[in-house]
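> No letters, just coordinates:
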Ligand SMILES: Nc1nc2c(ncn2[C@@H]2O[C@H](COP(=O)(O)OP(=O)(O)OP(=O)(O)O)[C@@H](O)[C@H]2O)c(=O)[nH]1
Ligand SMILES: [Mg+2]
């Protein structure tokens, strides 16, 4: 059995309640239908944790809030800024509705969405190892959070599909040196920013975006950064790598 099936199915079976940790910058892309279907089949309570809320604007967050409210109870968290963690603890206790014994909380999600960081933010300790390099959590780990809650931290076991390279770039699962098509990934980042927070893109790169397509914006950023090849042509790969690095290190907000 693939590692996803082994680990995720086992956690779903053992836990009293499941968390799906998703990234606030791309909630749709980091939800996983297979995981959600398996959780639904188990008939166990389920909470969506929208993590990394510090990396999105208030407007983006409001839009996401209204969309997800129909899907499942959703809690908005920034583990970095310890925001939403009291609410998450409260929601777990309320949703699980178990008295007289410890509640086992399974945490699932794509690599690097911040599963371990969320657990640490709730426990207030650095019990679960975290890293900017994805694939940090190797095995399943149990972490106590007070007397009533125990978390199961899992590695990011959700498999990426064949066409998910851009998602691996967006999630910083692969850095710019490991992406086969950095230009393609950078174009996705530009499209996302143009759609959701164009002013952030404009002010960060000191550009003005009007009617240009994403490729033209990439060239503009390359030009503005003085990434030129011989003959004053823009070095698009260099521009793409910069954009991916800026995105992956959290310098660009949506
Ligand atoms: N800005 C910001 N960064 C975060 C937040 N939560 C986690 N991160 C960062 O995201 C990266 C991944 O965090 P982890 O907690 O290791 O993610 P994970 O889902 O446990 O990753 P794996 O175990 O590798 O699957 C780290 O660089 C964290 O510092 C958050 O709320 N805001
Ligand atoms: Mg982890």
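Structure received. Predicted model only: the values in this text are computed from it and were never measured. Residues are numbered from 1 along each chain as shown. Ligands and ions are numbered 1, 2, ... in the order given.

> which intervals of the protein have sub-threshold pLDDT?
Within the chain, the segments meeting pLDDT under 70 span 1-4.

> wait, what's in contact with residue 90?
When contacts are counted by CB atoms under 8 Å, 6 or more residues apart in numbering, residue 90 touches no other residue. For the C-beta atoms, the positions are set from N, CA and C on the backbone; glycine is no exception.

> In the helix or strand hosting it, which residues are buried?
Applying DSSP states H and E as the criterion places residue 90 in helix 85-96. Residues of helix 85-96 classed as buried by neighbour count (16 or more other CB atoms under 10 Å): 85, 88, 89, 91, 92, 95, 96.

> before we move on, what about stretch 204-216?
Within stretch 204-216, judged by 16+ other CB under 10 Å, the buried ones are 204, 205, 209, 214.

> just checking: which of these also lie near ligand 1?
Filtering the buried residues of stretch 204-216 for proximity to ligand 1 by CB under 6 Å from any ligand atom leaves nothing.

> all strands for the stretch 1-150 of the chain, in order.
17-23, 46-51, 74-76, 103-108, 141-145, 149-153 (DSSP state E, counting those that start in this stretch).

> Run through the neighbouring helices and strands of the helix or strand that the last one is followed by.
To tie it back to what came earlier, the one meant is strand 149-153. Note on strand 149-153: by DSSP H and E, the next helix or strand toward the C-terminus is helix 165-170. Other elements packing on helix 165-170 under the criterion 3 or more CB pairs under 8 Å, 6 or more residues apart in numbering; DSSP states H and E are helix 27-30, helix 182-196, helix 236-248.

> Dump these to JSON lines, plus mean neighbour count.
Output for these, formatted as JSON lines (neighbours: other CB atoms under 10 Å):
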{"stretch": "helix 27-30", "mean neighbour count": "18"}
{"stretch": "helix 182-196", "mean neighbour count": "20"}
{"stretch": "helix 236-248", "mean neighbour count": "21"}
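
> could these go into JSON lines alongside distance to ligand 2?
Formatted as JSON lines, these follow (distance: least, CB to the ion, whole Å):
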{"stretch": "helix 27-30", "distance to ligand 2": "14"}
{"stretch": "helix 182-196", "distance to ligand 2": "23"}
{"stretch": "helix 236-248", "distance to ligand 2": "17"}
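
> out of those helices, which comes closest to residue 144?
helix 27-30 (26.9 Å; CB to CB).

> one step back: out of the strands of the stretch 1-150 of the chain, the one nearest ligand 1 is which?
Nearest of the strands of the stretch 1-150 of the chain to ligand 1, taken as CB to the nearest ligand atom: strand 46-51 at 5.0 Å.
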